[in-house]
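[1] compute the structure for the input listed below.
(2 chains)
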Number of protein chains: 2
Amino acid sequence: MTDRYPSRVGSRPSLLDRQDPVVWGGGERGPLDQGQLDRFDRDGLLLMDGLFDTAEVEQLLGVAEDIARRPDVRQSERTVIEPKSERVRSVFEVHRLDDTMRRLAADERLAGAARQILGSDVYLHQSRVNFKPAIHGQGFFWHSDFETWHTEDGMPSMRAVSFSVALTRNLPHNGPLLVIPGSHRTFVSCVGETPEDNYKESLRTQEIGTPDGDSLRELSERAGGELAAQVGPAGSVAVFDCNAMHGSNSNITTYPRSNVFFVYNSVENTLAQPFSATKPRPDFIAARDFTAV
Amino acid sequence: MTDRYPSRVGSRPSLLDRQDPVVWGGGERGPLDQGQLDRFDRDGLLLMDGLFDTAEVEQLLGVAEDIARRPDVRQSERTVIEPKSERVRSVFEVHRLDDTMRRLAADERLAGAARQILGSDVYLHQSRVNFKPAIHGQGFFWHSDFETWHTEDGMPSMRAVSFSVALTRNLPHNGPLLVIPGSHRTFVSCVGETPEDNYKESLRTQEIGTPDGDSLRELSERAGGELAAQVGPAGSVAVFDCNAMHGSNSNITTYPRSNVFFVYNSVENTLAQPFSATKPRPDFIAARDFTAV
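    Next up, the predicted model:
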């Protein structure tokens, strides 16, 4: 298979044009209207307030916190512990841990929108809950998820989409998701080689596969200096393209920031061998069960 | 001298009521109107856009950058280098390094406002330029400046005020100054002892003298969840009380954030011996030349 998005192979970073559509849909019916699809196509991002109501969100937050408190979960490899505070930062594969999360993953507001965007049936490539703690919440440096999913998981094309459901308020200052609008149209080919079991480190602090300063500045300029942030009440949803350049700052506020996160991949884009790693990452981060949602 | 604001002496943090006025002025004439003085009294913070015009700001930024490039400055003890990037983060005592900065420190818009707030002549306790780099700009954890100025510098009363002049745009997402409004009315007595030469570490990353989580949450609740941020165009100014609890998040954006910073202290509040440290900090951080501006 030709590698249309080579990364972690050269000695210099480069910017490559996207070879794939952003919106693959050909008239699939679903929850998004044409204006929303157009915005997503343009920005690689769609922000929707109030997609889940207060009662739903409260239940989901309760379920997420229950999951994080389970001793078996805390000790599981699928759980990421915050380096400084020793608190649970992320739990992967939540749709397999809990029925509410499983149902949420299949909810038409999310899965239906994913089918519309990707123009096919979809399966869950990854799911997780994220808890960005208050006061000592760590930021996460800029990255394209696709860069990792391609190099380490063997995802061939840019035909996957992420949904982040806010379980708490996302404020300008509690480390919200930041996206460079339009960055999804450019693939930043990164330098460096994937270390063995890189995911163990990269889930805490990603270094390999992150863009260099010049590439970031170029993406930022192409966006005309615009920067989009997922700011909104609990229940709001950010939909972002697999190649959107995103990250977050730290959170010193007393307001934690939690969300649940689903990645849908097209059933026509299932994983092959990693393009730049010696072995695939574990299933709990990069599913190889391609059953449609 | 009785220590009305004991800190770094006990084994448990505590919240003490402020024993000093916030606005000490008794009708001094100056650039601030009564509404501004009232807001400052209430919040411990005053944000003013457009206090310096574009031409002035451009000149100031140029001067600040020239100072940071001077080889003698880079090697000076008065300069703080960013741990990761090795770039200049702060240069202290800029009003002694450069004539433009000396004139700026005496500018009526700053020094006049300080005299109004503090109700007396004022001198410069500290001056510096800060460069928060783009992309890898480090945040700074919550702290009250007065806590350090009291314990390490021997400043007796809360009768000092800081002015931060924005030399670049301060955006919601490039790590702006955050202040908990009203926090200046409460002194957080911190635990821990001041290490020898603590300033060498604390200017990079402050740990001793920072508030615990419970105290922070309490201040945050007393503020009704409000959080103020210095967001605005270059040329805007934030005035904040010496005891205002403030900090900043990291900056992963491609937009650096620079400001010049002056601390005025009342000539009736000059430094004594440190209240909780074995020896005073050097003059370039805590001036002992009390000549009025």
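
[2] from here on, contacts and neighbour counts on C-alpha atoms
    Fine.

[3] any idea how far residue A:143 is from chain B?
    11 Å (CA to the nearest CA, to the nearest Å).

[4] who are the packing partners of whichever strand or helix holds residue A:59?
    Here residue A:59, judged by DSSP states H and E, is contained in helix A:54-69. Contact here means 3 or more CA pairs under 8 Å, 6 or more residues apart in numbering or on different chains; DSSP states H and E; on that basis helix A:54-69 packs against helix A:99-106.

[5] can you give the contact residues for the helix it packs on?
    A:60, A:63, A:94-96, A:110-111, A:124, A:262, A:293 (CA atoms under 8 Å, 6 or more residues apart in numbering or on different chains).

[6] try it again at 6 Å.
    A:95, A:293 (CA atoms under 6 Å, 6 or more residues apart in numbering or on different chains).

[7] check whichever residue of the stretch 51-200 of chain A sits closest to chain B and give its pLDDT.
    In the stretch 51-200 of chain A, the residue found nearest to chain B is residue A:172; the distance is 6.3 Å by CA to the nearest CA. Looking at residue A:172, its pLDDT reads 94.

[8] checking it next. Helix, strand or coil?
    Three-state assignment for residue A:172 (DSSP: H, G, I helix; E, B strand; the rest coil): coil.

[9] with residue A:130 instead?
    Under three-state DSSP, residue A:130 comes out as strand.

[10] kindly report the same for residue A:220.
    Relying on three-state DSSP, one would call residue A:220 helix.

[11] do the same with residue A:187
    Once three-state DSSP is applied, residue A:187 turns out strand.

[12] gap between the residue of the stretch 51-200 of chain A closest to chain B and residue A:213?
    With the distance defined as CA to CA, to the nearest Å, residue A:172 ends up 23 Å from residue A:213.

[13] so which of these two has more stuff around it?
    Each of residue A:172 and residue A:213 has its neighbours counted (other CA atoms under 10 Å in any protein chain shown); residue A:172 has more, 17 against 13.

[14] so which bits of the stretch 51-200 of chain A are right by chain B?
    Selection of the stretch 51-200 of chain A residues close to chain B by CA under 6 Å from any CA of the partner chain yields an empty set.

[15] for the stretch 51-200 of chain A, what spans make up the helices?
    All helices of the stretch 51-200 of chain A, identified by DSSP state H, counting those that start in this stretch, fall at A:54-69, A:71-74, A:94-97, A:99-106, A:113-118, A:145-151, A:198-202.

[16] make CSV out of those helices and add mean pLDDT.
    Shown next, in CSV, are the helices of the stretch 51-200 of chain A (pLDDT from 0 to 100):
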stretch, mean pLDDT
helix A:54-69, 96
helix A:71-74, 93
helix A:94-97, 96
helix A:99-106, 98
helix A:113-118, 97
helix A:145-151, 97
helix A:198-202, 80
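
[17] columns distance to residue B:208 and mean neighbour count on top of those helices, output as TSV?
    Listed next are the helices of the stretch 51-200 of chain A as TSV, based on distance: least, CA to CA, whole Å; neighbours: other CA atoms under 10 Å in any protein chain shown:
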stretch	distance to residue B:208	mean neighbour count
helix A:54-69	31	16
helix A:71-74	31	14
helix A:94-97	39	18
helix A:99-106	42	17
helix A:113-118	49	26
helix A:145-151	38	25
helix A:198-202	29	15
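
[18] so which of those comes closest to residue A:270?
    Closest to residue A:270 of those is helix A:145-151 (CA to CA; 10.9 Å).

[19] quick one: the closest one to chain centroid distance?
    Helix A:145-151 sits 11 Å away from the centroid of its parent chain (CA atoms, centre = their mean, to the nearest Å).

[20] okay, residue A:230 and residue A:178: tell me how far apart.
    7 Å.

[21] just residue A:138 next, same as before
    14 Å.

[22] residue A:236 too?
    From residue A:236 to residue A:178 the distance is 15 Å (CA to CA).

[23] and if you look at residue A:62?
    26 Å.

[24] next, the angle from the helix holding residue A:59 to helix A:99-106.
    120 degrees (axes from the mean of the first three to the mean of the last three CA atoms, to 10 degrees).

[25] got a list of contacts for helix A:54-69?
    Against helix A:54-69 from outside (CA under 6 Å, 6+ apart): A:167, A:235.

[26] starting at the chain centroid, how far to it?
    With CA atoms, centre = their mean, you get 20 Å for helix A:54-69.

[27] residue contacts, residue A:151?
    When contacts are counted by CA under 6 Å, 6+ apart, residue A:151 touches A:274-276.

[28] contacting residues for residue A:7?
    A:189-190.

[29] for it, give me the pLDDT.
    For residue A:7, pLDDT reads 96.

[30] quick one on the thing from earlier: list the contacts for the residue of the stretch 51-200 of chain A closest to chain B?
    Neighbours of residue A:172 in contact, by CA under 6 Å, 6+ apart: none.

[31] redo that, cut-off 10 Å
    A:178, A:229-232, B:171-173, B:229 (CA atoms under 10 Å, 6 or more residues apart in numbering or on different chains).

[32] ok, now residue A:290?
    Here residue A:290 is in contact with A:122-125, A:265-271 (criterion: CA under 10 Å, 6+ apart).

[33] can you check residue A:12 too?
    A:189-192, A:212.

[34] repeat for residue A:89
    Residue A:89 touches A:68, A:79-83, A:129-133, A:137-138, A:203-204, A:258, counting by CA under 10 Å, 6+ apart.

[35] grab the nearest non-local neighbour of it.
    residue A:131 (4.8 Å; CA to CA, 6 or more residues apart in numbering or on different chains).

[36] now do stretch A:280-292: distance to the chain's middle.
    Using CA atoms, centre = their mean, the distance between the centre of stretch A:280-292 and that of its chain works out at 15 Å.

[37] before we move on, what about stretch A:36-43?
    17 Å.

[38] and that stretch, C-alpha only, in CSV?
    The C-alpha trace of stretch A:36-43 is given here as CSV (Å, rounded to 0.1, in the frame of the first residue of the first chain):
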residue,chain,number,x,y,z
GLN,A,36,-23.1,22.3,9.5
LEU,A,37,-21.6,20.0,7.0
ASP,A,38,-20.2,22.9,5.0
ARG,A,39,-18.7,24.5,8.2
PHE,A,40,-17.1,21.2,9.1
ASP,A,41,-15.7,20.8,5.6
ARG,A,42,-14.2,24.3,5.8
ASP,A,43,-12.9,24.3,9.4
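
[39] ranges for the strands of chain A?
    With DSSP state E as the criterion, chain A has strands at A:14-17, A:45-48, A:79-81, A:88-92, A:122-132, A:140-143, A:160-166, A:178-179, A:186-189, A:228-229, A:237-241, A:246-248, A:257-266.

[40] so for residue A:6, which of those strands sits nearest?
    strand A:186-189 (6.3 Å).

[41] got the CA coordinates for that closest one in CSV?
    Extracted in CSV, the C-alpha atoms of strand A:186-189 (Å, rounded to 0.1, in the frame of the first residue of the first chain):
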residue,chain,number,x,y,z
THR,A,186,-2.6,20.0,5.6
PHE,A,187,-0.7,16.9,6.8
VAL,A,188,2.4,17.8,8.9
SER,A,189,4.9,15.1,8.2
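
[42] which outside residues touch that strand?
    Contacts for strand A:186-189 (CA under 10 Å, 6+ apart): A:4-10, A:12-19, A:143-144, A:146-147, A:158, A:209-212, A:215-216, A:219, A:222, A:243-245.

[43] partner strands of that strand and their direction?
    Counting by DSSP bridges, the strands paired with strand A:186-189 are strand A:14-17 (antiparallel).

[44] could I get the buried residue list for the strand it pairs with?
    A:14-15 (16 or more other CA atoms under 10 Å in any protein chain shown).

[45] now the contacts of strand A:186-189: which count as buried?
    Of those, these count as buried by 16+ other CA under 10 Å: A:5-9, A:13-15, A:18, A:143-144, A:146-147, A:158, A:209-212, A:215-216, A:219, A:243-245.
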